[in-house]
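*Asks:* Quick check, what structure comes out for this input:
(chains A and B)
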Amino acid sequence: EPEVTQTPSHQVTQMGQEVILRCVPISNHLYFYWYRQILGQKVEFLVSFYNNEISEKSEIFDDQFSVERPDGSNFTLKIRSTKLEDSAMYFCASSEAMGDTEAFFGQGTRLTVV
Amino acid sequence: GEDVEQSLFLSVREGDSSVINCTYTDSSSTYLYWYKQEPGAGLQLLTYIFSNMDMKQDQRLTVLLNKKDKHLSLRIADTQTGDSAIYFCAETRGYQKVTFGTGTKLQVIP
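*Replies:* As a prediction, this is how the structure comes out:
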C-alpha cells in the first residue's frame, strides 16, 4: 500500500540551528502539506503546496519556515534558526487532488530543540 | 475562523461501546474525518463522512453527523484494548486545509 514516508523519525537540534525535515509523498499525488503538533496540543496546519508553489499557509508559517520540492519525489520543510518553541511533531501529508476525500499522513518527525 | 472541539478523555471497559463526540463551527465543511493516533505514531484515517450524509457505518465504526447542530460522533462497537489511542475529529471545506480538533484520548480498561 502506498504511504508517505518521513525522515528522520526524531531530530534533536540546538537552538539557532537550521533543520530540514524530509518527506516523500505518494508518487501520483499533487498536493503536499505540512502540519505540526506541539506535545499535548492540536494538530495545526502549516502550509500547502501545489504546482511548485505555496497555495495556502497559516500564521504559524512565518519567514523562519520554507518548503521546497527539490526533485520529483521529495518535499522538504526547512526551519531556519530554530527556537525552543519549534519543538513538536511535524507531519507531512499528500493528496491526489484538492478536495480529495483523504490526505495521507506520514508517521511524523519529532523535532526537539535544546 | 474554523474551530473543532472535542472532550479530552474517555474511559471505557473492553467490550463496551465507545462514543466520541465532536463539535465544529464551520457550516461550509464538506468532509468530516476521524483520525486515530497511537502513541508515538502518525495519523491514521479511520473513516470520513460527506456533509450531505447523516450516518456512515464501517464494520465496528459508526459515524453520526447532525449538520444542524454541527455535531459529529464516532461510535466504536465492542471496544478492544487495541482501540486505545487519541482520536481526532477533523473537517475541511474541500480546500486544502484540514482543521483538527483537540483529540480525545480513549482508554480501554481490560
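
*Asks:* number of nearby residues for residue 43?
*Replies:* I'll assume chain A. A:Val43: 25 surrounding residues under other C-beta atoms under 10 Å in any protein chain shown. Glycine gets a C-beta too; all of them are placed from N, C-alpha and C.

*Asks:* that answer is for a different chain, and I need it for chain B
*Replies:* With other C-beta under 10 Å as criterion, B:Leu43 counts 27.

*Asks:* excluding its backbone neighbours, what's nearest it?
*Replies:* Excluding the flanking residues, the one nearest B:Leu43 by C-beta to C-beta, 6 or more residues apart in numbering or on different chains is A:Phe105, at 4.1 Å.

*Asks:* Next to chain A in this structure, residues from chain B, please.
*Replies:* Residues of chain B lying close to chain A (C-beta under 8 Å from any C-beta of the partner chain) are B:30-31, B:33, B:35, B:41-45, B:48, B:88, B:90, B:92, B:94-103.

*Asks:* so where's chain B uncertain?
*Replies:* B:1-2, B:94-96 (pLDDT under 70).

*Asks:* just chain A next, same as before
*Replies:* In chain A, residues with pLDDT under 70: A:98-101.

*Asks:* Can you tell me which residues in it are near chain B?
*Replies:* So chain A meets chain B at A:31, A:33, A:35, A:41-45, A:48, A:50, A:55-56, A:58, A:91, A:98-99, A:101-108 (C-beta under 8 Å from any C-beta).

*Asks:* Where does the residue nearest to the spatial centre of chain A sit, in terms of helix or strand?
*Replies:* The structure's chain A has its C-alpha centroid closest to A:Trp34; by C-alpha atoms, centre = their mean the separation is 3.2 Å. Using DSSP states H and E, A:Trp34 sits within strand A:31-37.

*Asks:* likewise A:Glu59?
*Replies:* Assigned by DSSP H and E, A:Glu59 belongs to neither a helix nor a strand.

*Asks:* Just read off the phi/psi values of it.
*Replies:* Note on A:Glu59: backbone dihedrals following degrees, to the nearest 10 are phi -70, psi -20.

*Asks:* One more: B:Leu8?
*Replies:* phi -80, psi -30.

*Asks:* Count the neighbours of it for me.
*Replies:* So B:Leu8, with other C-beta under 10 Å, has 10 neighbours.

*Asks:* ditto for A:Ala97
*Replies:* A:Ala97: 10 neighbours (other C-beta under 10 Å).

*Asks:* so it sits in a helix?
*Replies:* No: looking at A:Ala97 with DSSP: H, G, I helix; E, B strand; the rest coil, it is coil, so not inside a helix.

*Asks:* Please list all residues in contact with it.
*Replies:* Taking C-beta atoms under 8 Å, 6 or more residues apart in numbering or on different chains, we find A:Ala97 in contact with A:30-31.

*Asks:* on that earlier part again, keeping just the C-alphas, turn the strand holding A:Trp34 into CSV.
*Replies:* Below are the C-alpha coordinates for strand A:31-37, written out as CSV (Å, rounded to 0.1, in the frame of the first residue of the first chain):
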residue,chain,number,x,y,z
TYR,A,31,-0.9,18.4,-3.2
PHE,A,32,1.5,18.4,-0.3
TYR,A,33,1.1,19.6,3.2
TRP,A,34,3.0,20.2,6.5
TYR,A,35,1.2,20.1,9.8
ARG,A,36,2.6,20.5,13.3
GLN,A,37,1.6,19.1,16.7
